[in-house]
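**Student:** Pasting a predicted model and its sequence here:
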Amino acid sequence: MRATKATVLCFTAALLACFLRSSMAVPNWQACVNASATSLPYCDTSLSFEARIADLISRLTTVEKIGLISPDPDYSTCDMQTNAVPRLGLPRYQWLIETNTGVASACYGPQQCATTFIGPEGLGASFNRSSWWAKGDVISSELRAFSNANWHRDDNSQPQFYLIGLDGFGPNINIVRDPRFGRNSELPGEDPFLTGSYAAAYVSGIQQVDAEGYIKMLAYLKHYDAYSVETNRGHDTYNISTFDFFDTYLPQYAMAFQQGHASGVMCSYNAENGHPSCANGWLLNLIRTTWGVPDAVVMTDCGALSNMLGPPLNAPSGEAAAAWALNNGTDLEAGSTIWNQYLLNAINQNLTTVAAVEASIRRTLLAQMTAGRFDPPAQVSWTNISTSVVNSTLHQQVSYEAAAQSFVLLKNEGVLPLKAGQKIAVVGPQAIAQYGLLSDYYGDQVCYSGDFSCITTIGDAIAAVNVGGNTVVVQGVDVDSQNDTGIAAAVAAAAAADVVVLALGIDKTIEHEGIDRVTISLPGLQDMFAQKVIATGVPVVLLLTNGGAVAIDDLIAGPKAIVEAFNPAFQARALANSLFGLENRWGKMPYTIYPANYTAVQSMTNFNMSIAPGRTYRYYQGTPLFAFGTGLSLTTFTHSVSSNNYTFTVTVQNTGSLDGDEVVMVYHSAGPDIRAKVDHPVPFKSLVAFERVRVAAGAAEKLLFSLDSSVLALTNLDGQRVIYPGTHQLIFSRGNGVDQTVTIKI
């Protein structure tokens, strides 16, 4: 008999009386807390997790088993709440909490909205593993705090039913394959090694383990795999070679699992070579076999399973679609009810088995047990985390530090740092933007007011730092319209200023989930407006905020300085401090900025990385506007390299007058002799190591790179990593100035 909604709600942590007749709060969705459950072996903590799981599974009917891997249709199926089993004291559980940039949640109080970080591209630009780990620590602490306090999401008209559990979906680690992709703002960069390093550090910060062995929060990666087209998503398939899979589309996931120990993935909407990701046994089994994570949990993206009824798979029946996903390794269905409707019939038709259902249940329960859902809360130290941590001073500082290292100085002809006390005109649509400064998947509620009014604008942040000066903020033009009525006032303000900050870019009306760009130039009247501002002759700082790269072919020469700020979110203050030299901690470009005509010569649906004109810095054959890894500082640096076998010491000398951060990137490049004899594409160069360092003015710091011969490997046509005999080069670069090269003969 199906439980009613009222009955099921007695198995949520929101109604504590159903669990525990005391004033002690029980975390959301906590199991093993009422008499129906505590007397059963699956709640006996003296038994192993495997024994407890086996006991619970043995007590379930087939319908109940299906309910534990399927969304309860009484609630939002995209949020993926598995069904309760009231007779066994097992409550529902909500799986989907987004954690790519902040914990998707309602604000807990006026000053307690979840900490929202800058967009992941800015984090990628920092090249700082410590910052990425710290982000994971903040996110997991806040998610646990919300769960402990019986708090909820804010994405539904009845948020009290959508309680925050123990897992989060994020980071999103597809690469920035094409600048037009609508979800580039969710990604850390175009390089697999950089992206994988980000994922490994972020997940490690999330999945800390306490003294009793409980995981702080379960981290699930998005979107596995090769997801980077919004048009026709869910019914699209792309030809991807074995070479490109292992050279570009898989390495970051391997690093996230093998180094970061991620708990699982969300399989993506798209298909690869005709096989939908959520029914691609080869792809899903890589995680559990080749990468050595047999218990990894796989959940579909919202509706991905029902999409299998259409192209490219065109499953002949709901039963076939249900079986194909389960048999090929998917554990949880989100966003549709194919398993609820058809999986029992599929079992009866021998298209799949109860054993396959039980295998998925086992993986999902094991993950939850490692996070303490089935054990007494007092035994799990993470249940002591209170809501005092939410947007705390410490968490705000971690967010600020991440932002201060994210902005990329692309050009500076002496106009930066700005001097306080000047007449500064801040013009352009992004000068007044608030919502427009956020990346996609920023969370649910970021301001207690329910809007975005708590986000400091770039104009206001600059005005706050320009002490003793006069700051005028004028929008001028919209992000994307033909309205020119504000141009005259903005140009007049620019002409009357000592210096202009020209804040241009794109927002989520231009790029967003479901919306790819057609071109990569500035939309609307922004380019024309920029030319008028530059024509005033007043020194201009061009400031870009965006997710996907913006082609500014005609705007490189005119400005005295160019700054890429990505999606700074709440951190306009960190940006203003950087412009005025109060911070000198710039990052490096995490992706290539192509010229505007790139979109005319490169098909959006071409997933071959090396075919002309090529993709990313590793294979692009043209001249970029700004290359991956590019980045300047307000001070000057030099670097030198000494080596002892595969141990390299890099001395970074600050030759300028300001303290500052610098990033050293190490690339491998195969020599011409190797390129001449192999039968597969060879990247121009590939990132294999990096470190960030703080160097005082006039001082020097040493960085130690302890590498091994594996950094010389190339991917062959079979996807294997091979070290070829011949000439190899390791290039030590700062993204500006003279690179240092070490040649190695094998």
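**Tutor:** Noted; the coordinates are in hand.

**Student:** The helix or strand encompassing A145 packs against which elements?
**Tutor:** Assigned by DSSP states H and E, A145 belongs to helix 129-148. Counting contacts by 3 or more CB pairs under 8 Å, 6 or more residues apart in numbering; DSSP states H and E, helix 129-148 is packed against helix 120-126, strand 167-172, helix 192-206, helix 393-404. All C-beta atoms are positioned from the backbone trio N, CA, C, and that covers glycine.

**Student:** by contact count, what packs against the first one?
**Tutor:** Contacts of helix 120-126 with other secondary structure elements, assessed using 3+ CB pairs under 8 Å, 6+ apart, are made with helix 129-148, helix 192-206, helix 393-404.

**Student:** Same question for the longest one.
**Tutor:** Applying 3+ CB pairs under 8 Å, 6+ apart, one finds that helix 192-206 makes contact with helix 120-126, helix 129-148, strand 167-172, strand 218-224, helix 251-258, strand 686-695.

**Student:** can I get the ones you listed in a markdown table with distance to L344 and mean pLDDT?
**Tutor:** Output for these, formatted as a markdown table (distance: least, CB to CB, whole Å; pLDDT from 0 to 100):
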| stretch | distance to L344 | mean pLDDT |
| --- | --- | --- |
| helix 120-126 | 40 | 98 |
| helix 129-148 | 32 | 98 |
| strand 167-172 | 27 | 98 |
| strand 218-224 | 27 | 98 |
| helix 251-258 | 32 | 98 |
| strand 686-695 | 49 | 98 |
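
**Student:** which stretches of the stretch 401-550 of the chain form strands?
**Tutor:** Counting by DSSP state E, counting those that start in this stretch, the stretch 401-550 of the chain has strands at residues 408-412, 423-427, 470-474, 499-505, 540-545.

**Student:** Nearest to D673, out of the ones you listed?
**Tutor:** Counting by CB to CB, D673 lies closest to strand 408-412 out of the strands of the stretch 401-550 of the chain; the figure is 35.2 Å.

**Student:** now the angle from that closest one to strand 540-545?
**Tutor:** Strand 408-412 runs at 160 degrees relative to strand 540-545, counting by axes from the mean of the first three to the mean of the last three CA atoms, to 10 degrees.

**Student:** Contacts for strand 408-412, please.
**Tutor:** Contacts with strand 408-412, where a contact means CB atoms under 8 Å, 6 or more residues apart in numbering, come from 125, 416, 556, 559-564, 586-589, 626, 630-634.

**Student:** got the angle between whichever helix or strand F705 is part of and strand 686-695?
**Tutor:** Per DSSP H and E: F705 is located in strand 700-706. Going by the same axes, to 10 degrees, strand 700-706 is angled at 150 degrees with respect to strand 686-695.

**Student:** Could you look up the next helix or strand downstream of strand 700-706?
**Tutor:** Per DSSP H and E, the first helix or strand lying C-terminal to strand 700-706 is strand 714-715.

**Student:** Against which helices or strands is that following strand packed?
**Tutor:** For strand 714-715, the packing partners by 3+ CB pairs under 8 Å, 6+ apart come out as strand 721-722.

**Student:** ok, the strand it packs on: who's next to it in the sheet?
**Tutor:** Here strand 721-722 is paired, per DSSP bridges, with strand 714-715 (antiparallel).

**Student:** who's in contact with the partner strand?
**Tutor:** Residues lying outside strand 714-715 but in contact with it, judged by CB under 8 Å, 6+ apart, are 243, 246-247, 670, 674, 678, 680, 682-683, 721-724.

**Student:** Is it correct that A612 is in contact with Q621?
**Tutor:** Yes. Contact criterion CB atoms under 8 Å: A612 and Q621 qualify, at 5.7 Å.

**Student:** Low-confidence regions, the stretch 1-150 of the chain specifically.
**Tutor:** Regions of the stretch 1-150 of the chain meeting the criterion pLDDT under 70 cover residues 1-24.

**Student:** Mind doing that once more with 90?
**Tutor:** Within the stretch 1-150 of the chain, the stretches with pLDDT under 90 are 1-25.

**Student:** where exactly do the strands run in it?
**Tutor:** So, for the stretch 1-150 of the chain - with DSSP E, counting those that start in this stretch - the strands run 81-82, 93-94.

**Student:** check contacts around the closest residue to V711 other than its chain neighbours.
**Tutor:** Of all residues not flanking V711 in the chain, V688 sits nearest, at 4.1 Å (CB to CB, 6 or more residues apart in numbering). For V688, the contact set (CB under 8 Å, 6+ apart) comprises 193, 666-668, 707, 711, 730.

**Student:** out of those residues, who's nearest N184?
**Tutor:** Using CB to CB, the contacts of V688 come closest to N184 at F193, 18.3 Å.

**Student:** returning to what we had before: if we compare the strands of the stretch 1-150 of the chain, which one ends up closest to L579?
**Tutor:** strand 93-94 (42.2 Å).

**Student:** Of the contacts of V688 - the most surrounded one?
**Tutor:** Y667 (26 neighbours; other CB atoms under 10 Å).
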